[in-house]
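Chemist: Starting from these lines, generate the structure:
(one chain, ligands or ions: 1)
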Amino acid sequence: MIPISKPFIGEEEKAAVLAVLSCGMLAQGPKVKELEEMFCFASGAKYAIATTNGTSALHAALYAAGIKAGDEVITTPFTFVASANPILMQGAKVIFADIDETSFNLSPSAAEEKFTEKTAAIIPIDLYGLPFDEKTNSTAKKAGIKIIEDACQSIGAKRNGISCGCLGDAAAFSLYATKNIMCAEGGMVTTNSEEIAESARRFRHHGQSEKTSYEYFELGYNYRMTDVLAAIAVEQMKRLERIVNARNENAKRLTEGLQGINGVVLPSVPENVTHAFHQYTIRITPDAKASRDVFVQKMKEAGIGVGVYYPRPLHLHPHFSKMGYKKGDFPVSERIAGEVASLPVHPQLLQDDITAIIGAARKILS
Ligand SMILES: *Cc1c(COP(=O)(O)O)cnc(C)c1O
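Modeler: Numbering: from 1, shown residues only. Now for the predicted structure:
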């Protein structure tokens, strides 16, 4: 079986965890600080604040950016539920806007149509590792709306030479086991704003400043990362460039091998962008020889793990349809959810694996 993702744990990770266990300082400590510095270096952000996971990182970023009850926050329904839930955690309202079918990311014009007096922020997602559309920045800026980048899938990606994590007012990364850089569970806020950074730091630490103790300034949570897990992520970060290059190299080979199949749309990478290729996602349109679901099933039978991210847009789940959303509200997201299929692209693929993926896909679709 060629799996859709495969976490890599080297001898370095094992040794680093053992070293933390032996030193006895297990909770947030010097390893977390080292990891935060590595994220600053990698993303170009001035500040990085480690948290328990990507969801808590988004929550802390929204809190620190001042998002509160009564605000409206725009995001797309074509994402993981954790892009939207932190909006609700802040008591704000989730306003969905449709995606662009080529980038799978928030359509800047669809977002702009949703602007109201109450719009406080936009959460564009760097879906599959592709930075969100730069027009989102200009429309948000004009309207005085903050951007909280969901960079959970895009570590190492860039737009116009600027790294994901620095494309908005603040960003959130995930270090979940299947992400490009991982430590089982973890998250990171990045920002260039000292105010947002300080606020996020207090938020992860029960509302306490890290400079004084047992002095509570505001509501906070326990969102701290442990040194045990940070030690894993530090070793992973040392390989960031190699990981991004390997994923791009694999994506290039897949694209060369899958060119020209009727009804199949391959990922396109804009010229000004470095893709992180968290996922290599193709579209199996109605013109293709097999349906998306048959394709996924047959690939599995051929021993190839194919992922569907995401089979149903958020607005069609009970959690959000309760808020009044219904079928037909976001036609592009609804159509694309029935067409996407992600092929393995991770750095542990061998040349033979890629040949096998291309061969199996061509057999099913030609
Ligand atoms: C993984 C992910 C999250 C949440 O991260 P966790 O670490 O699982 O909490 C949020 N948004 C997107 C787009 C993700 O892929």
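
Chemist: Is there a neighbour count for whichever residue of the stretch 51-200 of the chain sits closest to the ligand? I'd like the number.
Modeler: In the stretch 51-200 of the chain, no residue comes nearer to the ligand than residue 54, which is 2.4 Å away by C-beta to the nearest ligand atom. Just so you know, the C-beta spots here come from the backbone N, C-alpha and C atoms, and that holds for glycine as well. By the criterion of other C-beta atoms under 10 Å, residue 54 has 27 neighbours.

Chemist: What of residue 21?
Modeler: Neighbours of residue 21 (other C-beta under 10 Å): 13.

Chemist: same check, this time on the one 4 residues further on
Modeler: Neighbours of residue 25 under the rule other C-beta under 10 Å: 14.

Chemist: so who does it touch?
Modeler: Going by C-beta atoms under 8 Å, 6 or more residues apart in numbering, residue 25 touches residue 227.

Chemist: host element of it?
Modeler: For residue 25, there is no helix or strand it lies in under DSSP states H and E.

Chemist: so how far is residue 283 from the closest residue to residue 321 other than its chain neighbours?
Modeler: Take residue 321 and drop its neighbours on the chain: the residue closest to it by C-beta to C-beta, 6 or more residues apart in numbering is residue 315, 6.7 Å away. Applying C-beta to C-beta, to the nearest Å, the value for residue 315 to residue 283 is 20 Å.

Chemist: about what we covered before: how about the residue nearest to residue 321, secondary structure?
Modeler: helix (DSSP: H, G, I helix; E, B strand; the rest coil).

Chemist: likewise residue 165?
Modeler: coil.

Chemist: So which of residue 315 and residue 283 has more stuff around it?
Modeler: Neighbour totals were compared for residue 315 and residue 283, and residue 315 leads with 25 against 20 (other C-beta under 10 Å).

Chemist: In contact with the residue nearest to residue 321, which residues?
Modeler: 77, 96, 321, 325, 326, 329, 330, 333.

Chemist: what does residue 326 give?
Modeler: Taking C-beta under 8 Å, 6+ apart, we find residue 326 in contact with 315, 316.

Chemist: which parts of the stretch 51-200 of the chain sit against the ligand?
Modeler: 53-55, 79-80, 82-83, 125, 150, 152-153, 174, 176, 187 (C-beta under 6 Å from any ligand atom).

Chemist: Which of these fall in strands?
Modeler: Those of those mapping onto strands are 150, 174, 187, per DSSP state E.

Chemist: Pick out whichever of the residues you listed sits closest to residue 265.
Modeler: Ranked by distance to residue 265 (C-beta to C-beta), these are led by residue 150 at 23.4 Å.

Chemist: Kindly provide the distance from that closest one to residue 116.
Modeler: 21 Å.

Chemist: Which one's more surrounded, the two?
Modeler: Applying other C-beta under 10 Å to residue 150 and residue 116 shows that residue 150 carries more neighbours, namely 31 against 10.

Chemist: so the more buried one makes contact with residue 74?
Modeler: No: between residue 150 and residue 74 there is no contact under C-beta atoms under 8 Å: 11.9 Å.

Chemist: Identify the contacts common to those two.
Modeler: Common contact partners of residue 150 and residue 74 (C-beta under 8 Å, 6+ apart): residue 123.

Chemist: which residues in the stretch 51-200 of the chain form strands?
Modeler: 72-75, 93-96, 119-122, 146-150, 158-159, 162-163, 170-174, 187-191 (DSSP state E, counting those that start in this stretch).

Chemist: what residue ranges in the stretch 51-200 of the chain score low on pLDDT?
Modeler: Residue ranges of the stretch 51-200 of the chain with pLDDT under 70: none are present.

Chemist: Helices along that one, start to end?
Modeler: Assigned helices in the stretch 51-200 of the chain, in chain order: 54-64, 85-89, 108-113, 135-143, 194-203 (criterion: DSSP state H, counting those that start in this stretch).

Chemist: okay, those, which one's buried deepest?
Modeler: Of all these, helix 54-64 has the most neighbours on average by mean count of other C-beta atoms under 10 Å, namely a mean of 28.

Chemist: residue contacts, the closest residue to residue 154 other than its chain neighbours?
Modeler: Counting by C-beta to C-beta, 6+ apart, residue 126 is the residue found nearest to residue 154 once chain neighbours are left out, at 3.4 Å. Residue 126 makes contact with 105, 132, 149, 150, 151, 152, 153, 154, 157, 164, 167, 276, according to C-beta under 8 Å, 6+ apart.

Chemist: please redo it, this time with the cut-off set to 10 Å
Modeler: 103, 105, 132, 149-155, 157, 159, 164-165, 167, 171, 173, 275-276, 278 (C-beta atoms under 10 Å, 6 or more residues apart in numbering).

Chemist: ok so, going back, wait, doesn't the residue of the stretch 51-200 of the chain closest to the ligand sit right on residue 178?
Modeler: No: taking C-beta atoms under 10 Å as the definition, residue 54 is not a contact partner of residue 178, at 11.4 Å.

Chemist: The residue of the stretch 251-366 of the chain found nearest the ligand in helix, strand or coil?
Modeler: Using C-beta to the nearest ligand atom, the closest approach of the stretch 251-366 of the chain to the ligand is made by residue 278 at 7.6 Å. Three-state call for residue 278 (three-state DSSP): coil.
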